[in-house]
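>>> Okay, sequence plus prediction incoming.
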Amino acid sequence: MSFELLFQYVVAGVTYGIIYAVVAIGFNIIYNTTGIINFAQGEFFMLGGMTAVTLNAFMPLPLAIMLAVLVTMVVGALIEMIFIRWLISPSVLRMIIITIGISILVREAALHIWDESVHALPYFTGNEVTSIAVGPVRISPQVLWVIGTCTVMVLALNSFFNQTSLGRQMRACSANRDAARLCGISAKNMVTLSFVLSAGIGALAGCVVSPITYVQYSIGTGLAIKGFTVAILGGLGNSLGAVAAGLILGLLESFSIWVMPTAYKDAISIAVLLVILFVRPSGLFGSSEAANLKEF
Amino acid sequence: MERLLEVRNLCRRFGGLKAVENVSFSVKEGQIKAVIGPNGAGKTTLFNLVSGFLKPDSGTVLLDRLAVQDLPSYSIARKGMARTFQHMKLFPKMSTLENVMVGRHIHGRAGFVPSFFNLPWTWSEERRMRREALDLMTRLDIENLAETEATSLAYGQQRMVELCRALACSPRLLLLDEPAAGLNMRETAEMAKMISRIRDMGITVLLVEHDMSLVMNISDEVAVLCYGQKIADDVPLAVQKNPEVVRVYLGEENAQDS
Amino acid sequence: MVVRRVLPTLILIGLVVLTEQVTRITDTRYYLTQLTMTAYYGLVIMGLCLLMGYAGQISLGHAGFFAMGGYLSGLMTTYNLEALKGSSLGSMLTTLNLLVSRKDLYGDVTLSVHPWVSCILAVAFASVVAYLVGGPVLRLKGHYLAMATLGFGIIVYRVVLGSAIFGEADGFSDIPGFAVFPGVEVSGRASVRVANYYLAWGLLTLTLAGLLSLVNSRIGRALRAIHGAEDAARAMGINTPRFKLQVFVLSAALAALAGVLLTHFNGAIGPAQASVMASVRYVAIVAVGGMASLWGTLTMGSVLNMLSLRGYFGSLDDAVFGGILIVIMLFAPDGLLRAHPLARIRSLLRGTEEG
């Protein structure tokens, strides 16, 4: 195997890996404020990509992406306000079923709006065949867009949660909702905000990656499973862990093509998911003592 | 007297916290033994270790000379140890009678296949379990609650139902985790009487409790835990006079008063 | 008491016969085809109801077990073993009636596994898989259990979709009928439509009767205890891992059996039967039926499946099930039959179900 080919595999792995990490962080944001695993997480990604493609027909690309992200954020907010906000301490089973129902509705709506065909945004710079020389090898500029955008997103989120007052309020809600409420923080608004944020980053990731992977109405479930795998692998709620885990899964998938038919590529992440759930549900970087105390 | 339960050098830590450190004690058959201690002393952890809900890092738990610390909790229950929970865990959406009948579970043998095919002997077993459960409820004077949904009962009644459910296992050793928590004074007195009656039925009792009056009145022996370690283990009068217990306990009581 | 217990079952039998008579009189025999399919789906949801409603363990992978049954039986009864014909093994199996010859669509003679054998093997295989998967999976709770079973379902889906031996996106067709008894063949031919209808509903009624007696027994009580407070159930000496595993295997076996029979009835099976959406539909029906209610699940399942199979939901089929899931879980988490306007029906059912 040549060095160049090896490098291509690594680049592909990192590209997918960082996308998975963003989906996983979407899970984490909502899980941290509500204790809910949002099974509709992958749908935000799909919705962002699809909306941007449609909007791009009427307006320049940057505007279309911004508007698509905004639309998805509104959808996220609406989902929270209509389905989640007014439930009083619902059981885990109930929340699982509700978010599954939401994901089906969103997907079916997408099917009726955009039918079954695959869509893609144009390359942000250049086209399918342009490539940039990085040392001895060449990679597509879109890959750099994906990696760059996602890295910026992760860093921005990190400083949002640690530096800004709003971010700290959200963390306070996740640590102790009642205590946060006593300090005058509106826990309900924080939950809405977490859905908005989660939808926004999913949508943006969906936009930047769509020139490479294409988007279709049905990609949500598969992506959600992978994002969830990464979230668990990195330790549920731990966003930096998610980045590391995302890269691990992305590289694993990318290199799995050597040993398995591509048709089974998706099975890799599910196998990883099952193994990690059975062996170490607290994740690679989580503490198992803490995990025992969490309510799943 | 025979030692029904013997705990030797039990240790359990959570991360850096030593919840239970090198605790040994024993419960003699036919006794009421209490474990007391200030909040966070490791009482409930000790209880969970003894009943198999937590696994100890080291140490042994002998139930009638049989090491049970590595057995799952349901196997320990089958060996004659029943328990209640500090935060009562009655089965929701089930009647009081059904709750108590679950307590009789280990005394039935109808499995999946006989139950699925509705074999006649399963009917008579079911009738027997129902009768036994009702008898026990009558003895605890709660038979009038039989058809009520257990989780809709008043707090004190729920405590009694939980006790009844544990007794339905026909245990040799009964573990009570703060049986008087949340009860008013009258109910606490009733509970104390009930625990004495249970001992008189021939059932050995180990209880964890906050309420000193209850403990001192009915216990045959009292062990005191503080920060995971046992600091005293004697008859109630001697424990009350133990200077270290007085310091730990009254210190805390005073702090609560102020 | 005995009468009150068997009365609902008798009513069900009466309804089954009545429906068949109505289709005869009104000349709407074609309904029987969908009714037969509804009964087979009923088997899956009865099993899932026991697992999810009573024992409280969600499974988002039951379509996987259904597909396992259907696909394996389809494979074994269509796979041409002509190569074995000359061998002593082949002739031995043929004499034992384990292999049968038949003419395929093009008139060629093929040698394949007898449907009875394939049915038993397929259900056994699914049960073994459920046993192996269930061990570790059922230690998980809540979201983790849901994701793990979902993952299992997706693996099965990917395998049938990606394997040439399972026909990839096309699945199997031309699957022969399954002569359960001499003269009673599970197949879609119009001549055996009535027999198939009774066979399916008879099987469903028997299963329902068995499950009803199961949930009203010591076992059923233990399952509900596990659902309600697993810790307390363990403290009462209930071997919770074993009970959960047994229910899981039972429900998987029922799903696989339904898969086998429906595949032979339709003469075909495709990957859609293994999809996540299929699993979610089963969950939706159990939820609508009121979770811990076999009768509610059967009623709502029959209505929804019938409407869906008759095509009343059109292209909104999946959306309808998604919408139902949300609406039920938001407004009536105890099921539609327990919601206020139908409280009377519910108390009526409850009186007979639990009496």
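Looks like it came in fine.
>>> make it CA atoms for all contacts and neighbour counts henceforth
Will do.
>>> What number of residues are in the vicinity of residue C:199?
With neighbours defined by other Cα atoms under 10 Å in any protein chain shown, the count for residue C:199 comes to 18.
>>> residues in chain B within reach of chain C, list them.
Counting by Cα under 8 Å from any Cα of the partner chain, chain B comes close to chain C at B:73-78, B:82-85, B:89-93, B:98, B:102-106, B:108, B:110-112, B:115-118, B:122, B:126, B:166, B:169.
>>> Going through those residues, which ones are buried?
B:73-78, B:82-85, B:89-93, B:98, B:102-106, B:110, B:112, B:115-118, B:122, B:126, B:166, B:169 (16 or more other Cα atoms under 10 Å in any protein chain shown).
>>> hey, where'd the strands end up in the chain?
Let's take chain A. Under the criterion DSSP state E, chain A contains strands at A:132-134, A:137-139.
>>> my bad, the chain I had in mind was chain C
Using DSSP E, the strands found in chain C span residues C:99-103, C:109-113, C:178-181, C:184-186.
>>> Close to chain A: what parts of chain B are there?
When proximity is defined as Cα under 8 Å from any Cα, chain B approaches chain A at B:14, B:15.
>>> Tell me which residue in chain B sits closest to chain C.
residue B:74 (4.0 Å; Cα to the nearest Cα).
>>> Look at the closest residue to that residue other than its chain neighbours and report its pLDDT.
Excluding the flanking residues, the one nearest residue B:74 by Cα to Cα, 6 or more residues apart in numbering or on different chains is residue C:237, at 4.0 Å. Residue-level confidence at residue C:237 comes out at 94, pLDDT.
>>> any idea how far residue C:237 lies from residue B:220?
Going from residue C:237 to residue B:220 by Cα to Cα, to the nearest Å gives 28 Å.
>>> Break down the stretch 151-258 of chain B into its strands, ranges please.
Secondary structure of the stretch 151-258 of chain B (DSSP state E, counting those that start in this stretch): strands at B:173-177, B:204-208, B:221-226, B:229-234.
>>> For residue C:31, which of those strands is the nearest?
With Cα to Cα, the closest approach to residue C:31 among the strands of the stretch 151-258 of chain B belongs to strand B:173-177: 60.2 Å.
>>> Break chain B down into its domains, please.
When chain B is parsed with automatic domain parsing, its domains come out as B:1-80+B:172-258, B:92-170.
>>> Would you single out the least confident of the ones you listed?
Among the domains of chain B, domain B:1-80+B:172-258 carries the lowest mean pLDDT (a mean of 87).
>>> how far away is residue C:122 from residue C:56?
Going from residue C:122 to residue C:56 by Cα to Cα gives 27 Å.
>>> Kindly report the same for residue C:176.
The gap separating residue C:176 from residue C:56 is 38 Å, by Cα to Cα.
>>> now residue B:93
Distance, residue B:93 to residue C:56, by Cα to Cα: 13 Å.
>>> and what of residue A:141?
Taking Cα to Cα as the measure, residue A:141 falls 50 Å from residue C:56.
>>> Between those two, which is the more surrounded one?
residue C:56 (23 against 19).
>>> Nearest spatial neighbour of the residue of the stretch 51-200 of chain B found nearest chain A, chain-adjacent residues omitted?
Using Cα to the nearest Cα, the closest approach of the stretch 51-200 of chain B to chain A is made by residue B:54 at 11.5 Å. Of all residues not flanking residue B:54 in the chain, residue B:48 sits nearest, at 5.3 Å (Cα to Cα, 6+ apart).
>>> Surely that neighbour and residue B:61 touch.
No: counting by Cα atoms under 8 Å, residue B:48 stays clear of residue B:61, with 11.5 Å between them.
>>> Can you tell me which of the strands of chain A is most buried?
Comparing these by mean neighbour count (mean count of other Cα atoms under 10 Å in any protein chain shown), strand A:137-139 ranks first with a mean of 15.
>>> Near chain C, which residues of the stretch 101-250 of chain A are found?
So the stretch 101-250 of chain A meets chain C at A:101, A:102, A:104, A:105, A:108, A:109, A:225 (Cα under 8 Å from any Cα).
>>> ok, now which ones touch the last one?
To tie it back to what came earlier, the one meant is residue A:225. Going by Cα atoms under 8 Å, 6 or more residues apart in numbering or on different chains, residue A:225 touches A:269, A:270, C:147, C:151.
>>> quick one: which of those residues has the most company?
Ranked by neighbour count (other Cα under 10 Å), the contacts of residue A:225 have residue C:147 at the top, with 29 neighbours.
>>> Counting neighbours, what do you get for residue C:171?
For residue C:171, using other Cα under 10 Å, the count is 21.
>>> ok, now residue B:236?
For residue B:236, using other Cα under 10 Å, the count is 20.
>>> and what of residue C:28?
By the measure other Cα under 10 Å, the count of residues near residue C:28 is 12.
>>> What of residue C:201?
So residue C:201, with other Cα under 10 Å, has 23 neighbours.
>>> any idea how far chain B is from it?
Distance of residue C:201 to chain B, given as Cα to the nearest Cα, to the nearest Å: 18 Å.
>>> on that earlier part again, shared neighbours of residue B:93 and residue C:56, which are they?
Common neighbours of residue B:93 and residue C:56 (Cα under 8 Å, 6+ apart) are residue C:228.
>>> before we move on, back to that, what's the closest of the contacts of residue A:225 to residue A:96?
The shortest gap between residue A:96 and any of the contacts of residue A:225 belongs to residue C:147, at 9.7 Å (Cα to Cα).
>>> Give me the local confidence score for the closest one.
We have a pLDDT of 90 for residue C:147.
>>> tell me the contacts of it?
So residue C:147 contacts A:225, C:60 (Cα under 8 Å, 6+ apart).
>>> could you redo the last one with a cut-off of 10 Å?
A:37, A:39, A:96, A:224-225, A:228-229, A:270, A:273-274, A:277, C:58-61, C:137, C:140-141, C:153 (Cα atoms under 10 Å, 6 or more residues apart in numbering or on different chains).
>>> Now, the residues you listed that are in helices?
Counting by DSSP state H, these place A:96, A:224, A:225, A:228, A:229, A:270, A:273, A:274, A:277, C:137, C:153 in helices.
>>> where does the stretch 251-355 of chain C dip in pLDDT?
For the stretch 251-355 of chain C, the stretches with pLDDT under 70 are C:335-355.
>>> Name the nearest residue to residue B:112, sequence neighbours excluded.
Among residues not flanking residue B:112 along the chain, residue C:219 sits closest, at 6.5 Å (Cα to Cα, 6+ apart).
>>> hmm, back to that, which among the contacts of residue C:147 count as buried?
A:37, A:39, A:96, A:224-225, A:228-229, A:270, A:273-274, A:277, C:58-61, C:137, C:140-141, C:153.
>>> who's in contact with the residue nearest to residue B:112?
So residue C:219 contacts B:102, B:105, B:108-116, C:213, C:225, C:238, C:243 (Cα under 10 Å, 6+ apart).
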